[in-house]
Structures are given as C-alpha cells and as structure tokens.
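In: Here is a sequence with its predicted model. Questions after.
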Amino acid sequence: MNKEIVEVPVLWAAVRARGEPLSLVTKGAELVFVSGTPPLDISTGKLVKGDIEVRPRRR
C-alpha cells in the first residue's frame, strides 16, 4: 500500500516545533486517516491549558 503524509501548514509547523512524532493526515488505500491534535495555540506552538470549556474561548 502506498501512503502519503499530507501536511496541514499551520498545524504541521506547530507539531514539528514541539518535536511530536505525529502525522496529522495520512492517505492510503483510497482512505484518509486523520489524527486528533493536541490543544495547540497555533500562534505560539504551546499547549493550551484548561478544560474543554476554556479551550474554545481562548483568543
């Protein structure tokens, strides 16, 4: 099976900066696999702290 790692520009840079061994999107065998991502602030590359109610409201 051939597979292709698809780079999601802003998220890919943040994950790479943290050194995470994570492929966000992988295509293969006519399927697309999407991983969950850690709660990253894409402007700083740092993890967002707090529970699920805090994360969507950050700005």
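Out: Everything's here; your move. Model, not experiment: these values are computed from the prediction.

In: make it CA atoms for all contacts and neighbour counts henceforth
Out: OK.

In: And the helices in the protein?
Out: For the chain, the helices defined by DSSP state H cover 9-18.

In: which residue is nearest the centroid of it?
Out: Central residue of the chain (CA atoms, centre = their mean): T37, 4.0 Å from the mean position.

In: which residue packs closest to that residue, ignoring adjacent ones?
Out: Nearest-residue entry for T37: L24, 7.2 Å, with adjacent residues in sequence omitted and distances by CA to CA, 6 or more residues apart in numbering.

In: and that neighbour, what does it touch?
Out: The contact partners of L24, by CA atoms under 8 Å, 6 or more residues apart in numbering, come to I5, V6, E7, V8, W12, V34, S35, G36, T37.

In: Would you map the strands across the chain?
Out: In the chain, the segments counted as strands under DSSP state E are 3-6, 25-28, 31-34, 40-41, 46-47.

In: I'd like to know which elements the second one is packed against.
Out: Identification of packing neighbours for strand 25-28 by 3 or more CA pairs under 8 Å, 6 or more residues apart in numbering; DSSP states H and E yields strand 3-6, strand 31-34.

In: buried ones in that strand?
Out: Using 16 or more other CA atoms under 10 Å as the test for burial, strand 25-28 gives V25.

In: Over to the first one?
Out: Along strand 3-6, no position meets the burial threshold by neighbour count (16+ other CA under 10 Å).

In: Give the partner strands of it in its sheet and their orientations.
Out: strand 25-28 (antiparallel) (DSSP bridges).

In: Just the C-alpha atoms of the strand it pairs with, please, in CSV.
Out: Taking C-alpha atoms only, strand 25-28 is exported to CSV below (Å, rounded to 0.1, in the frame of the first residue of the first chain):
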residue,chain,number,x,y,z
VAL,A,25,-3.4,13.4,7.9
THR,A,26,-2.4,10.2,6.1
LYS,A,27,-3.9,9.0,2.8
GLY,A,28,-3.6,5.4,1.6
